[in-house]
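**Student:** Curious how this folds, go ahead:
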Amino acid sequence: MKKLLEKENVVGVAALGAIVQGGTKHDEVIGFTIGEKLSQLGLDFNKPVSLGVSGPGVTRAGAEQRAEKMANHAVEAIDKMVKALK
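**Tutor:** Got it, this is the predicted structure:
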């Protein structure tokens, strides 16, 4: 993601994925850490970074069901942020 944000022609980045619940609470730690790191990248590069990640606590089936909707929302968020920053 850093490589993308370093490029002048990239105006923002959407992170897409799923944090599937396992037998422990590690999915919650992962979710918190991803949000924190992505926020910091946005600040470091002064570009919008959005989070299109299902979870934590989602099943594989739930993640698959939400994938397209999450991706669309993440990209729409980048678009809105870029327009607002102009």
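
**Student:** mind listing what the residue lying farthest from the centre of the chain touches?
**Tutor:** Centroid-distance maximum for the chain: Gly23 at 23.5 Å, with C-alpha atoms, centre = their mean. The contact partners of Gly23, taken as C-beta atoms under 8 Å, 6 or more residues apart in numbering, number zero. For glycine as for every other residue, the C-beta is placed from the backbone atoms N, C-alpha and C.

**Student:** Where does it sit, in terms of helix or strand?
**Tutor:** Secondary structure from DSSP states H and E places Gly23 outside every helix and strand.

**Student:** What backbone torsions are found at it?
**Tutor:** Backbone torsions for Gly23, taken as degrees, to the nearest 10, come to phi -80, psi -10.

**Student:** Model confidence for it, exactly?
**Tutor:** Reading off the per-residue confidence, Gly23 sits at a pLDDT of 86.

**Student:** Over to Gly31?
**Tutor:** With respect to pLDDT, Gly31 scores 89.

**Student:** And for it, nearest residue in space, chain neighbours not counted?
**Tutor:** Leaving aside its chain neighbours, Gly31 sits nearest to Pro56 (3.9 Å; criterion: C-beta to C-beta, 6 or more residues apart in numbering).

**Student:** Wasn't the one you found part of a strand?
**Tutor:** Yes - checked against DSSP: H, G, I helix; E, B strand; the rest coil, Pro56 lies within a strand.

**Student:** so it makes contact with Ile34?
**Tutor:** No - using C-beta atoms under 8 Å, Pro56 is not in contact with Ile34; the gap is 9.4 Å.

**Student:** quick one on the thing from earlier: neighbours of the residue nearest to Gly31, just the number please.
**Tutor:** The criterion is other C-beta atoms under 10 Å. On that basis, Pro56 has 19 neighbouring residues.

**Student:** next one: the one 10 residues further on
**Tutor:** Other residues within reach of Arg66 by the criterion other C-beta under 10 Å amount to 17.

**Student:** list the contacts for it?
**Tutor:** 18, 54, 58.

**Student:** what's the distance between the helix or strand harbouring Leu5 and the middle of its chain?
**Tutor:** Here Leu5, judged by DSSP H and E, is contained in helix 2-6. Taking C-alpha atoms, centre = their mean, to the nearest Å, one finds helix 2-6 lying 15 Å from the centre of the chain it belongs to.

**Student:** I appreciate the help and will end here.
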